[in-house]
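[1] Just a sequence and a predicted model for now, questions to come.
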Amino acid sequence: MGGVIDFFTNTLRGLWDDSGIHALFSDGGWKSLLMILISFVFMYLAIAKGFEPLLLLPISFGMLLTNLPMAGLYHAELWQLGADGHIDYGSVLRDGGLLDILYMGVKLQIYPPLIFLGIGCMTDFSPLIANPKSFLLGAAAQGGIFFTFVVAGLLGFTAAEAGSIAIIGGADGPTAIYVSTRLLTGGGAITTGNIALAAYTYMALVPIIQPPIMKALTTKKQRAVKMEQLRTVSKTEKIIFPIAVTIIVSLLVPSAAPLVGMLMFGNLLKESGVAARLIDTAQNALMNIITIFLGISVGATTKADQIFSLKFGGVMLLGVIAFSLGTACGLFFGKIMYRVTGGKVNPLIGSAGVSAVPMAARISQKVGAETDPTNFLLMHAMGPNVAGVIGSAVAAGVLLSVIG
Amino acid sequence: MHIYPFLLAEVQEQLPAVTEKGGKVLTGTEKMDGTQIAAMTIVGLTVVFSALLILVIFLYCSGGIFKKTGKQKKTAAPAPAPKKTAAPPVKPLPKKEPVSVAEDDSEIVAAIMAAIAAMGAADGKNYRLRSVRQVTRTGSGRTVWAQAGLSDATRPFA
């Protein structure tokens, strides 16, 4: 009888020791608890406030799953560089949990370019083709990336961390994940999940962050400028555009080729008009599947012992600085174009140069319409907006080329 | 992957103490000094601007070619047109037609007035239509209907 009781109590003790509840209240468990609470905040923002729910919800749920002690869905230690300077993918396949396996698509940089494929299928580049000057506004807004790099560097972040934080200023989720996953090699205080959380949170906050900056940096007269109607773009031009951009950008900045190449491939499928089935899959089923995999596995990198530090707050703070600087740089260049063209360009379209398609363009339209309800800037702002996507991909390529 | 050679040279000139690792100019795990940060920013902005500037030039060139060919097509098209108009004698329109158009207009005005009156009657108010003016284009160069359609389409963003 005594043996049965001993067996019973030992089994119970074993179960208790292996349980998540025990781990949660043992050494360092409070960090996991805190991260779970933070994941609730992001879930609330996604569900109740509608902050980029398609991405923030998977990311925040991944954050919850990874911080449940003992669940073993994601193992940060498997992603540390080995003695040879590489990740041991054999051990990831052997010992990895569900989210480790899904995270391989992020680490091997497969998901972000595939998301870009879907985005390419959905993007109409004709406002940009009709008004090529827009490209310069898309380039200017990338100033947010590089000036944030300065701030982060001066605050003592390492080159890889500064680059990953700075890319948040590109206002482009897949690009931010693409860059940070390659630069952050594990072991540091910042993770890809951290960067993605900041990027998507601020992308959702674009309607709040941008308008005050736009109003502060422009005069009422500038905001009221009505722009000439854009010319119609022929089908041949639309077909040549993706091919030419792929060749030119990939030859200039080869490390931007995966992102730009897939974006333009998607666009070529769309504009060719002969691949309806492929477009349907790329922009719907494929993109949705990838979004789920990307979101939940990126969220999983936010493990308590990995990211809980002051740097988490630093990333969030610098992220909003990056967005604001990007907006300001775009507006500033818009003002230069306003002067150069003798008042023909409305500087408000400059702020759309930070990617965040199509939200940033909508904000230009909204702020313009507030000054003059008969002013329609939407299509003019779409030019810099889609140029911003290409611009941030090029900026990503530069960061990846220089930082190792 | 190397960033193109002249820029790499530019960075290396500015950074004598840079550690080269696998072709990279900056080592990710190390903190940077002021010169490195400044060089990175200058190089980054230069590359982004020059890459997109090349695309601008390309688009202007290709856009110019397409505009030219478009114009040629347009000028070539109307050439055979006069023959057609010369061949069949155009029947004069019956005189009634323009009159009925005018009547239609006044009927439309009457119908609109009736609708306004009915709307006013519901509230117990009387409205009078004082004038009807022809508005062809608004300040933005669009017709009133195009303007209304555009406002409707962009309302969700406002």
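    Yep, that arrived. Residues are numbered from 1 along each chain as shown, chains lettered A, B, ... in the order given.

[2] Could you break chain B into its assigned domains?
    B:5-86, B:96-157 (automatic domain parsing).

[3] The one residue in chain B that gets nearest to chain A pairs with what?
    Residue nearest to chain A within chain B: B:Lys24 (2.5 Å; CB to the nearest CB). C-beta: built from backbone N, CA, C; applies to glycine. Counting by DSSP bridges, B:Lys24 is bridged to B:Lys21.

[4] contacting residues around it?
    A:401-404 (CB atoms under 8 Å, 6 or more residues apart in numbering or on different chains).

[5] which SS class is A:Gly72?
    The three-state assignment at A:Gly72 reads coil, by DSSP: H, G, I helix; E, B strand; the rest coil.

[6] To clarify, my last question referred to A:Ala83.
    coil.

[7] May I have the phi/psi pair for it?
    With angles defined as degrees, to the nearest 10, A:Ala83 sits at phi -60, psi -30.

[8] So in the chain, where's the weakest helix or strand by average pLDDT?
    Looking at chain A here, since you left the chain open. Every helix and strand in chain A was compared by mean pLDDT, DSSP states H and E; the lowest is helix A:304-307, with a mean of 63.

[9] was after chain B, sorry
    Per mean pLDDT, DSSP H and E, bottom of the list for chain B is helix B:81-86, a mean of 46.

[10] Neighbours of residue 65, how many?
    No chain was given, so I picked chain A. Applying other CB atoms under 10 Å in any protein chain shown, we find 20 residues neighbouring A:Leu65.

[11] hmm, I had chain B in mind actually
    Using other CB under 10 Å, B:Ile65 has 12 neighbouring residues.

[12] ok, now which ones touch it?
    By CB under 8 Å, 6+ apart, the contact list for B:Ile65 is empty.

[13] Now do stretch A:251-263: distance to the chain's middle.
    17 Å (CA atoms, centre = their mean, to the nearest Å).

[14] Could you do stretch A:288-295 as well?
    The answer for stretch A:288-295 is 13 Å, by CA atoms, centre = their mean.

[15] for chain B, longest helix please?
    Ranked by residue count and defined by DSSP state H, the top helix of chain B is helix B:34-76.

[16] ugh, wrong one, I meant chain A
    helix A:310-340.

[17] check whether that helix contacts chain B.
    No. Applying CB under 8 Å from any CB of the partner chain, one finds helix A:310-340 out of contact with chain B, separated by at least 9.4 Å.

[18] Buried residues, the helix or strand following that helix. List them.
    Scanning forward in sequence from helix A:310-340 by DSSP states H and E, the next helix or strand is helix A:359-371. Neighbour counts over helix A:359-371 (16 or more other CB atoms under 10 Å in any protein chain shown) mark A:359-369, A:371 as buried.

[19] Provide the contact partners of helix A:359-371 at residue level.
    By CB under 8 Å, 6+ apart, helix A:359-371 touches A:171, A:203, A:206-207, A:210-211, A:214-215, A:220, A:223-224, A:346, A:348-349, A:351-354, A:375-378, A:380-382, A:384-385, A:388, B:154, B:157-158.

[20] What subset of those residues is buried?
    Using 16+ other CB under 10 Å, the buried ones in the contacts of helix A:359-371 are A:171, A:203, A:206, A:210-211, A:214, A:223, A:346, A:348-349, A:351-354, A:375-378, A:380-382, A:384-385, A:388, B:154, B:157.

[21] and stretch A:124-132, what's its mean pLDDT?
    Stretch A:124-132 carries an average pLDDT of 93.

[22] do that stretch and chain B meet at all?
    Yes. Residues of stretch A:124-132 are located near chain B by CB under 8 Å from any CB, namely A:128-130, A:132.

[23] what does stretch A:332-346 contact?
    Applying CB under 8 Å, 6+ apart, the external contacts of stretch A:332-346 come out as A:133, A:136-137, A:140-141, A:217-218, A:222-223, A:225-228, A:347-351, A:353, A:368, A:375, A:377, A:380.

[24] ok, 6 Å please
    Contacts of stretch A:332-346 from elsewhere in the structure, counted by CB atoms under 6 Å, 6 or more residues apart in numbering or on different chains, are A:137, A:140, A:222, A:225, A:227, A:347, A:350, A:377.

[25] Which of those fall in helices?
    With DSSP H as the criterion, helices contain A:137, A:140, A:222 from among the contacts of stretch A:332-346.

[26] Of those, select the buried ones using a PyMOL command.
    Buried residues among these (16+ other CB under 10 Å), as a PyMOL selection:
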select buried, chain A and resi 137+140+222
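
[27] Going by distance to A:Asp18, which of the ones in helices among the contacts of stretch A:332-346 wins?
    When the ones in helices among the contacts of stretch A:332-346 are ranked by distance to A:Asp18 (CB to CB), A:Ala140 comes first, at 55.9 Å.

[28] so the closest one sits right up against A:Thr327, yeah?
    No. Using CB atoms under 6 Å, A:Ala140 is not in contact with A:Thr327; the gap is 10.6 Å.

[29] neighbours of the residue of chain A found nearest chain B, just the number please.
    Nearest residue of chain A to chain B (CB to the nearest CB) works out as A:Gly404 at 2.5 Å. By other CB under 10 Å, 20 other residues sit near A:Gly404.

[30] ditto for B:Trp145
    8.

[31] Which secondary structure state is assigned to it?
    The three-state assignment at B:Trp145 reads helix, by three-state DSSP.

[32] Quick check: residues of chain A near chain B?
    Within chain A, the positions near chain B by CB under 6 Å from any CB of the partner chain are A:132, A:135, A:139, A:142, A:146, A:150, A:153, A:156, A:158-160, A:183, A:226, A:234, A:237, A:244, A:248, A:252, A:254-255, A:362, A:365-366, A:369, A:374, A:376, A:378, A:391, A:394-395, A:398, A:401-404.

[33] For ChimeraX, what selects the buried ones among these?
    In ChimeraX, this line selects whichever of the residues of chain A next to chain B come out buried by 16+ other CB under 10 Å:
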select /A:132,135,139,142,146,150,153,158,159,160,183,226,234,237,244,248,252,254,255,362,365,366,369,376,378,391,394,395,398,401,402,403,404
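
[34] out of the residues of chain A next to chain B, which are inside helices?
    Residues of the residues of chain A next to chain B located in helices (DSSP H): A:135, A:139, A:146, A:150, A:153, A:159-160, A:183, A:237, A:244, A:248, A:252, A:362, A:365-366, A:369, A:378, A:391, A:394-395, A:398, A:401-402.

[35] Sketch out the low-pLDDT regions of chain B for me.
    Applying pLDDT under 70 to chain B picks out residues B:1-23, B:70-71, B:73-104, B:134-141, B:156-158.

[36] tell me which residues of stretch A:123-133 are tucked away?
    Judged by neighbour count using 16+ other CB under 10 Å, the buried positions of stretch A:123-133 are A:123, A:125-133.

[37] The one residue sitting closest to the centre of chain A and A:Ala189: what is the separation?
    Closest to where the C-alpha atoms of chain A average out (CA atoms, centre = their mean) is A:Gly173, at 1.3 Å. To A:Ala189, A:Gly173 is 21 Å away according to CB to CB, to the nearest Å.

[38] per the record, what domains does chain A have?
    Split into domains by automatic domain parsing, chain A comes to A:1-72, A:112-402.

[39] Quick one: closest of these to B:Ile116.
    So among these, domain A:112-402 is nearest, using CB to CB, at 23.6 Å.
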